[in-house]
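Chemist: can you look at this prediction? I've put the sequence above it.
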2 protein chains.
Amino acid sequence: MAPTRWGIAGCGKISSDFVNAVQHLNDPDLVVVAVAARSVDSAQKFAEKFNVKKFYGSYQALAEDPEVDVVYIGVINTTHLSVGQAILAGGKNVLMEKPLAVNLQQTQQLIAEAKACNVFFMEALWSRFIPTYTEVRARLQRQEIGQVMHAFVSFGVPIADVPRLKEKELGGGCVIDIGVYAINFLLWVFDEEKPIEIKTMGTLNDQGLEMEVTAILKFSNNRFGTIVLSTSALLPNEAHVSGTKGTITLRSPFWAPPHLTSPSGNFDCPLDPSERKYEFGNSQFLKYEAQHIASCLEKGVKESPVMPHSSSLLLAEVMQDIRQQLGSWF
Amino acid sequence: MAPTRWGIAGCGKISSDFVNAVQHLNDPDLVVVAVAARSVDSAQKFAEKFNVKKFYGSYQALAEDPEVDVVYIGVINTTHLSVGQAILAGGKNVLMEKPLAVNLQQTQQLIAEAKACNVFFMEALWSRFIPTYTEVRARLQRQEIGQVMHAFVSFGVPIADVPRLKEKELGGGCVIDIGVYAINFLLWVFDEEKPIEIKTMGTLNDQGLEMEVTAILKFSNNRFGTIVLSTSALLPNEAHVSGTKGTITLRSPFWAPPHLTSPSGNFDCPLDPSERKYEFGNSQFLKYEAQHIASCLEKGVKESPVMPHSSSLLLAEVMQDIRQQLGSWF
């Protein structure tokens, strides 16, 4: 396997977890070679912490670094478009933190530019690469719960006062922040089918950003998906997919689950023991996503078969539909 | 305590479970003295099985039996109105199987007649009398999960081909059959408040009866309830109520739960060991409802404080609203 040399754009918490997970693999062919932030000081601090040899105070410099094969972009949502464009224009492969962008139009634009640049481009929906998710997919395909009819997910944490949730300038709203995981689960279990109809209810904060959201999605053949999102309540944060013979459940946190329960037997994907501190729960599982990218680059494909551009577009479309129905800014 | 002498109208499965549970109490002050069915043979068979001394082939005869204090009505939904009227007119107290009637108008009519007859009248929403439910109520009042913001329930079993579900003449549709439990849970945790808005999606069978239903209910102060009902899929059949500090969960079957899980500690209400066969899961818990009725009769009240007429009316109104939105027959 050719080495995968990572550049990191953005030196926040999620980038920290990503680098942590990659380095935890201890794979000489999977290395972080450079980091960039808006401020060179942040980049330097981050580089020193993770023992990365190069650091830049501009994303342009990272885009031009010939030693970088692929860039992980972990900047704030509202700058995904501009930073993404700069990195893509440098001819780099890109793994972009979810959501790809703050609305459908920007999502389409980024995907078009990635295609034009003929590079690998993927939305970092890491859940899909965790073995627990792979196991769900395999069980659904074996029809272990019969014909799938319903799926439902809750994701709620008291984060209404967190700036990235409540402020327009930072993207804001719970749909693109936590809803992206819940909607991803529904579209994924219903085989990336476009919902026939969506009905939603919710509440907006004083900036017009959605804080509580409940939505019903109707799919073909009388199948339904339901999501409940909250920035005020601590919800169960479980995902369920139910068929004629029973239910497969991903207990909390459903977006990074170490276990699944199923009538045909449970499944465990233990978290690696780690002395490193992660910012978010179960970020050890980011390693599976990093390994998937390496494998895609090795094969020379421009899209992931597990999280293709079409999935990102559908996800963006559904998120936008829900926000539009609520009158949310997006 | 004065003895409570029960008459039983309808000799089907649910009546069988109710008598079983009452007799299991082995309380000389809580006895079944007479049973009635449309057919005297059914009534006789039932009476012999449960060692009840009197049996009738008409509900009128039961209504006129001076030894009967209160009648449990377990007839099919479409005859709740006519049988209820006959029993009430006889001056008997009544415990009517849920739902009180097949639509709002009949529900209002029965309640008006019960008031006119000045007897005790209650809908048999037995979940509310199970200690697990009482414990949920106490914990919510102590604000153990903070301020309640969301509740959601799923109830689904593959029963689309069961006559009482699929046929108009038998009442039919999943809302009044299983949905009544799910909606009861929402209204109960949101303190019997009338929803501000309801949005629903679902499917109807060839008789125009709803077979799959998902509904969002909006309550005051930005609180939301969600129900998912299915007659095709085996859903988790759990109920969750979530507040700012966490979630209380009733695992399956949420309508008759022996356990609750909560961040502040779990609670168990073990099922009595029983050699008697029950038709439905956890019907041992019907004893709590029977004891509650005895206590109400002892106090001479005409309505239960736990399941008052207003709760039955609200429940009927919400069920009707959901069915109307779906275009279901009701």
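Modeler: Okay, I see it.

Chemist: angles on the backbone of residue A:32, please.
Modeler: Here is the backbone geometry of residue A:32 (degrees, to the nearest 10): phi -100, psi 120.

Chemist: pretty sure it sits against residue A:23.
Modeler: Yes: the pair residue A:32 / residue A:23 is scored as a contact, 6.8 Å apart, by CB atoms under 8 Å. Where C-beta positions appear, they are placed from N, C-alpha and C, glycine not excepted.

Chemist: those two - which one has more neighbours?
Modeler: With neighbours defined as other CB atoms under 10 Å in any protein chain shown, residue A:32 and residue A:23 compare such that residue A:32 has more, 25 against 19.

Chemist: so what touches the lowest-mean-pLDDT helix or strand in chain A?
Modeler: Across the helices and strands of chain A, mean confidence by mean pLDDT, DSSP states H and E is lowest for helix A:163-166: a mean of 94. If you take CB atoms under 8 Å, 6 or more residues apart in numbering or on different chains as the criterion, helix A:163-166 is touched by A:76-77, A:159-160, A:170-174, A:177, A:205, A:207, A:209, A:211, A:231.

Chemist: switch the cut-off to 10 Å
Modeler: Helix A:163-166 is contacted by residues A:12, A:76-78, A:157, A:159-160, A:169-174, A:176-178, A:205-207, A:209-211, A:231 when judged by CB atoms under 10 Å, 6 or more residues apart in numbering or on different chains.

Chemist: Three-state assignment for the nearest residue to residue A:237 once chain neighbours are set aside, please.
Modeler: In space, and not counting its chain neighbours, residue A:237 is closest to residue A:252: 3.9 Å by CB to CB, 6 or more residues apart in numbering or on different chains. Of the three states, residue A:252 takes coil under DSSP: H, G, I helix; E, B strand; the rest coil.

Chemist: so who does residue A:252 touch?
Modeler: Per CB under 10 Å, 6+ apart, neighbours of residue A:252: A:154-155, A:234-239, A:259, A:281, B:247.

Chemist: same thing but at 8 Å, please
Modeler: If a contact means CB under 8 Å, 6+ apart, then residue A:252 has A:236-238 as its contacts.

Chemist: mind giving me the domain ranges of chain A?
Modeler: As given by automatic domain parsing, the domain ranges for chain A are A:4-126, A:131-268+A:306-326.

Chemist: dump those to JSON lines, plus distance to residue B:292.
Modeler: Listed next are these as JSON lines, based on distance: least, CB to CB, whole Å:
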{"stretch": "domain A:4-126", "distance to residue B:292": "51"}
{"stretch": "domain A:131-268+A:306-326", "distance to residue B:292": "30"}
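
Chemist: which stretch among the ones you listed comes nearest residue B:216?
Modeler: Of all these, the one in closest proximity to residue B:216, counting by CB to CB, is domain A:131-268+A:306-326 (4.7 Å).

Chemist: report the central residue of chain A.
Modeler: Nearest to the mean C-alpha position of chain A, by CA atoms, centre = their mean, lies residue A:125 at 2.9 Å.

Chemist: any idea how far it lies from residue A:328?
Modeler: Separation of residue A:125 from residue A:328 (CB to CB, to the nearest Å): 22 Å.

Chemist: re earlier: overlap in contacts, residue A:32 and residue A:23.
Modeler: Each of residue A:50 lies in contact with both residue A:32 and residue A:23 under the rule CB under 8 Å, 6+ apart.

Chemist: return the set of buried residues in the helix or strand in which residue A:133 is found.
Modeler: Following DSSP states H and E, the helix or strand that holds residue A:133 is helix A:131-141. For helix A:131-141, burial by neighbour count (16 or more other CB atoms under 10 Å in any protein chain shown) applies to A:131-133, A:135-136, A:139-140.
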